[in-house]
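K.L.:
Predicted model, plus sequence, below.
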Amino acid sequence: MSKIVKPLTNTTIQNLKAAEKEYIKSDGGGLYIRIKPNGAKIWYFAYK
């Protein structure tokens, strides 16, 4: 059974800060946002 993820809000996304290493946050349903060390935020959709 898959884990239910609370969707990201606009405020949550704006408050995501860059870290030393790249990290990923899930928005649910295969949609993710990747936060790079330089502060760039990139959306991607994982599908099969």
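P.N.:
Thanks, I have the structure now.

K.L.:
and I35, how many residues sit next to it?
P.N.:
I35 has 19 neighbouring residues, counting by other C-beta atoms under 10 Å. Glycine gets a C-beta too; all of them are placed from N, C-alpha and C.

K.L.:
now the one 10 residues further on
P.N.:
Using other C-beta under 10 Å, F45 is surrounded by 9 other residues.

K.L.:
What's opposite it in the beta bridge?
P.N.:
In this entry, F45 is beta-bridged to L31, by DSSP bridges.

K.L.:
Local confidence estimate at it?
P.N.:
The model reports F45 with a pLDDT of 96.

K.L.:
And for G28?
P.N.:
Residue-level pLDDT assigned to G28 equals 88.

K.L.:
now the helices for this protein?
P.N.:
Assigned by DSSP state H, the chain shows helices spanning 10-14.

K.L.:
Strands along that one, start to end?
P.N.:
Applying DSSP state E to the chain gives strands spanning 23-28, 31-35, 41-45.
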